[in-house]
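Student: let's see this in three dimensions:
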Amino acid sequence: MELTAGRVRAITAVALAAACVTTMTGCGAPPWAQRAGEPSAPSAAPTASVAPQPVPNDLSSGSTQRTLTAGAVTAQVDYWSTLSMDRWTSTELKPVNLSMVTTVTPDDGQKVYLQRATMTAVPGNSSESLSPLTPQVDQADAPGYLVLSPYSYSQTFTVGEVPPDATFVTLRFTFEYLVQTTPTSDEFAKQTASDSLTVAIAGGGAVSGG
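Tutor: Residues are numbered from 1 along each chain as shown. Below you'll find the model as predicted:
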């Protein structure tokens, strides 16, 4: 059948339109392609896990020793507990033992006496300090306990129940000394030394040695 020029042009136009549709369908930009200048969608930030901070424990090895200075007096103090650290729970009665001996400089023969020893336990956690427990005091008769080497002083204090949210307890010690002004004098000079220990409460968090 002979095709007229008009039908040839019509058939050609239809074929070109079909080819154009095919090209657009098969060769169009994929959905993941980014158009120039279009901002990318924000990616979700990774969630960082926060490791619990270790709780310091000055008695982690079972004992510790401190050197304290109060004027002419130098004191060597040993601290320890007969209760194992895994039993230092919030409800347990927790004993703290100490032993002390002093020297004096210059040593002209004068004596050193411990007039008063005080321990105040302050529970706390990583967020706050909690209310302190009632201070425990060992008050000596005048002039005090002779603590000049080779004489020593020993005492046991007790940390009572602390709040359940406490992860540690800070033990604050104050030692008040009387030092003879001369070896034969009835007059004394007063000197004061302070110290503190931090002890972890069992079950209150990871523990680090002190």
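Student: please make it C-alpha for all contacts and neighbour counts, starting now.
Tutor: Fine.
Student: mind checking the SS state of Ser60?
Tutor: For Ser60, the assignment made with DSSP: H, G, I helix; E, B strand; the rest coil gives coil.
Student: next helix or strand past the helix or strand of the chain with the lowest mean pLDDT?
Tutor: Using mean pLDDT, DSSP states H and E, helix 5-27 stands out as the lowest-scoring helix or strand of the chain, at a mean of 48. Downstream of helix 5-27, the next assigned helix or strand under DSSP states H and E is strand 55-57.
Student: next secondary structure element downstream of that next one?
Tutor: Per DSSP H and E, the first helix or strand lying C-terminal to strand 55-57 is strand 63-70.
Student: and the next helix or strand after that next one, C-alpha only, in PDB?
Tutor: Downstream of strand 63-70, the next assigned helix or strand under DSSP H and E is strand 73-80. Extracted in PDB, the C-alpha atoms of strand 73-80 (Å, rounded to 0.1, in the frame of the first residue of the first chain):
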ATOM      1  CA  VAL A  73      54.500  18.400 115.400                       C
ATOM      2  CA  THR A  74      54.700  15.700 112.700                       C
ATOM      3  CA  ALA A  75      52.300  12.800 113.000                       C
ATOM      4  CA  GLN A  76      52.400   9.400 111.300                       C
ATOM      5  CA  VAL A  77      48.800   8.100 111.100                       C
ATOM      6  CA  ASP A  78      47.900   4.600 109.900                       C
ATOM      7  CA  TYR A  79      44.200   3.900 108.900                       C
ATOM      8  CA  TRP A  80      42.600   0.600 108.200                       C
END
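Student: name the helices or strands packed onto strand 73-80?
Tutor: Helices and strands touching strand 73-80, as assessed by 3 or more C-alpha pairs under 8 Å, 6 or more residues apart in numbering; DSSP states H and E, comprise strand 63-70, strand 94-104.
Student: how big is the angle separating the last one from strand 73-80?
Tutor: The reference is to strand 94-104. Interaxial angle, strand 94-104 versus strand 73-80 (axes from the mean of the first three to the mean of the last three C-alpha atoms, to 10 degrees): 160 degrees.
Student: which neighbouring elements make contact with the helix or strand following strand 94-104?
Tutor: Once strand 94-104 ends, the next helix or strand along the chain (criterion: DSSP H and E) is strand 112-124. Secondary-structure packing of strand 112-124 (3+ C-alpha pairs under 8 Å, 6+ apart): strand 94-104, strand 136-139, strand 145-146, strand 168-180.
Student: strand 94-104 and strand 112-124, what's the angle between them?
Tutor: If you take the same axes, to 10 degrees, strand 112-124 sits at 150 degrees to strand 94-104.
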